[in-house]
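In: coordinates only, sequence not included:
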């Protein structure tokens, strides 16, 4: 589950249990709901425990006694013992608890439980989760306020942690845990099977046929050596998604927005980049450029060119952006990140190796895709070794800091141009689908128009 505040667990637990009342109002909690859930587990055993699995942890309970009881319940379950008053009391004794009063209170928890339905237990558990998130956020914000007043840390660091705490609280408060009945899942599956493209369009018909589009919760990796056209490929995908009415956020940490827009206009208008740079265009060329610029402006595509952005900052931007000429606000429906190798890690990872840091970033991007219910496309450089051997076509192990990226990715696509190494004028290119959890892998032939920085499908 993870805490919603970036401080040591022991410090959080002691502080949260001592949160003061404000104007006579205690911190958010529901003692009766906690009692009902624990009582139901003590009577109905592992079935009730499974019903609320993942919704809260012992430290999320307000009552210290309830925290100890739930920790003992989980310990009993991990030992594959039956969960009841007797086994939990023994576990409490083993943990240094289990006084006469606590044993009496343990029995009292079961009094109201027989009347609690299974659905009510889950509803109470979600209420416990919400109250815990609210308490955690309240404590974290109070901590940030004191740090700002006493200047114990730079204000920027405090602001970054405050944003992280708020973002994680939003995730926890808005995410119910992802449970769904088999009936509802089958209905959803039947609905998607009637659509030619289930997810967001990739911008290429052949790739859409293989992937069924980029789908919610997926982490898609676009890899390639420098000069292969990764940015051009991802930018085209973003533009095509936006042209289809999908709100697309393109995060660039290597290129400014002006350069990205020039590339986008060139790709859309098929005007050579060098001509646009020199403003050396025919009237017909200016007409195509103007129309492309108008189309891009009217589509829901947003660019962000700030360097060294981290997962939390990207997640925050994705939650609330301006879209299109009307500047309407709302969350992104697909996010592109260029590229993972220059993303900033969290401050807590300062003493880690870069590989460990990239692993954390990769998991963060996958979590972002899952939590927000959107596809996230991230670009990734390849190791230099791929250019040294006789076979220069990339493979999964060529991904730089590849371990976690390869594992976390749902889809891995390599942009490859053999002619790049041979310095020929041939425009041949390939999109290599090297990994796809729920679909085929293989190679799709393409053309790369270098002058206007655009990939095109090779039609039969």
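Out: Sure, I can see it. From a predicted model like this one, the values you see are computed outputs, not experimental measurements. Residues are numbered from 1 along each chain as shown.
In: in the protein, which helix or strand is least confident?
Out: Here the helix or strand of the chain ranked lowest by mean pLDDT, DSSP states H and E is helix 9-17, holding a mean of 44.
In: can you tell me the element residue 258 falls in?
Out: Assigned by DSSP states H and E, residue 258 falls within helix 257-269.
In: can you show me the strands along the stretch 51-200 of the chain?
Out: Assigned strands in the stretch 51-200 of the chain: none (criterion: DSSP state E, counting those that start in this stretch).
In: for it, which spans come out with low pLDDT?
Out: Low-confidence segments of the stretch 51-200 of the chain, defined by pLDDT under 70: 95-101, 112-115, 171-172, 174-198.
In: after the least confident helix or strand of the chain, next one along is what?
Out: Counting by DSSP H and E, the next helix or strand C-terminal to helix 9-17 is helix 31-44.
In: and the nearest residue to residue 155 once chain neighbours are set aside, how far from residue 247?
Out: Distances taken as Cβ to Cβ, 6 or more residues apart in numbering place residue 148 nearest to residue 155, at 6.3 Å, with adjacent residues excluded. No exception for glycine: its C-beta is placed from N, CA and C like everyone else's. Going from residue 148 to residue 247 by Cβ to Cβ, to the nearest Å gives 34 Å.
In: which of these two has more residues huddled nearby?
Out: residue 247 (22 against 14; other Cβ atoms under 10 Å).
In: from residue 65, how far off is that one?
Out: For residue 247, the distance to residue 65 equals 48 Å [Cβ to Cβ].
In: ditto for residue 396
Out: For residue 396, the distance to residue 65 equals 51 Å [Cβ to Cβ].
In: the residue lying closest to residue 304 once chain neighbours are set aside - how many residues pack around it?
Out: With Cβ to Cβ, 6+ apart as the criterion, residue 304 has its nearest non-adjacent residue at 5.0 Å, and that residue is residue 251. By other Cβ under 10 Å, the residues close to residue 251 number 24.
In: go on, the one 4 residues further on?
Out: Residue 255 is surrounded by 15 other residues when neighbours are defined as other Cβ under 10 Å.
In: that one should be in a strand, yeah?
Out: No: counting by DSSP: H, G, I helix; E, B strand; the rest coil, residue 255 is located in no strand; its state is coil.
In: quick one, phi/psi of it?
Out: phi -130, psi 140 (degrees, to the nearest 10).
In: close enough to count as contact, it and residue 339?
Out: No: using Cβ atoms under 8 Å, residue 255 is not in contact with residue 339; the gap is 10.4 Å.
In: can you give me the helices for the stretch 101-250 of the chain?
Out: With helices called from DSSP state H, counting those that start in this stretch, the stretch 101-250 of the chain shows them at 118-150, 155-174, 182-192, 205-211, 230-243.
In: ok so, going back, need the overlap of contacts for residue 255 and residue 339.
Out: Counting by Cβ atoms under 8 Å, 6 or more residues apart in numbering, residue 255 and residue 339 have no contacts in common.
In: just give the closest residue to the residue nearest in space to the middle of the chain, not the sequence neighbours.
Out: Centroid check for the chain by Cα atoms, centre = their mean gives residue 368 as the closest residue, at 1.0 Å. Excluding the flanking residues, the one nearest residue 368 by Cβ to Cβ, 6+ apart is residue 315, at 5.1 Å.
In: OK, contacts around that neighbour?
Out: Taking Cβ under 8 Å, 6+ apart as the definition, contacts of residue 315 comprise 167, 368, 372.
In: if we only consider those residues, which is nearest to residue 31?
Out: Of all the contacts of residue 315, residue 167 has the smallest distance to residue 31: 29.1 Å, by Cβ to Cβ.
In: burial check on that closest one, number of neighbours?
Out: 19.
In: and what of residue 79?
Out: By the measure other Cβ under 10 Å, the count of residues near residue 79 is 9.
In: likewise residue 430?
Out: Residue 430: 20 neighbours (other Cβ under 10 Å).
In: assess the claim that residue 273 and residue 289 are in contact.
Out: No: taking contacts as Cβ under 8 Å, residue 273 lies outside contact range of residue 289: 11.3 Å.
In: just grab the bridge partners of residue 416 for me.
Out: With DSSP bridges as the criterion, residue 416 is bridged to residue 430.
In: and the pLDDT at it?
Out: pLDDT for residue 416: 89.
In: give me the neighbour count for it.
Out: Residue 416: 25 neighbours (other Cβ under 10 Å).
In: hang on, isn't it packed against residue 224?
Out: Yes: applying Cβ under 8 Å, one finds residue 416 in contact with residue 224, separated by 6.7 Å.
In: overlap in contacts, the two.
Out: residue 394.
In: hang on, the earlier thing: contact partners of the helix holding residue 258?
Out: Contacts to helix 257-269, defined as Cβ under 8 Å, 6+ apart, come from residues 231-232, 235-236, 239, 250, 252, 271-273, 276-277, 285, 288-289, 291-293, 295-296, 303-305, 452-454.
In: that one: which residues count as buried?
Out: Buried positions in helix 257-269, judged by neighbour count with 16 or more other Cβ atoms under 10 Å: 260, 261, 262, 263, 264, 265, 266, 267, 268, 269.
In: and stretch 71-87, by the same measure?
Out: Residues of stretch 71-87 classed as buried by neighbour count (16+ other Cβ under 10 Å): 71, 72, 73, 74, 75, 76, 77, 83, 84, 87.
In: and for stretch 133-148?
Out: Going by neighbour count (16+ other Cβ under 10 Å), the buried part of stretch 133-148 is 133, 134, 135, 136, 137, 138, 139, 140, 143, 144, 147.
In: stretch 414-427 too?
Out: 414, 415, 416, 417, 420, 427.
In: just the buried ones from the contacts of helix 257-269, in ChimeraX syntax?
Out: ChimeraX command restricting these to the buried ones, with burial defined by 16+ other Cβ under 10 Å:
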select :231,232,235,236,239,250,252,271,272,273,276,285,288,289,292,295,296,303,304,305,452,453,454
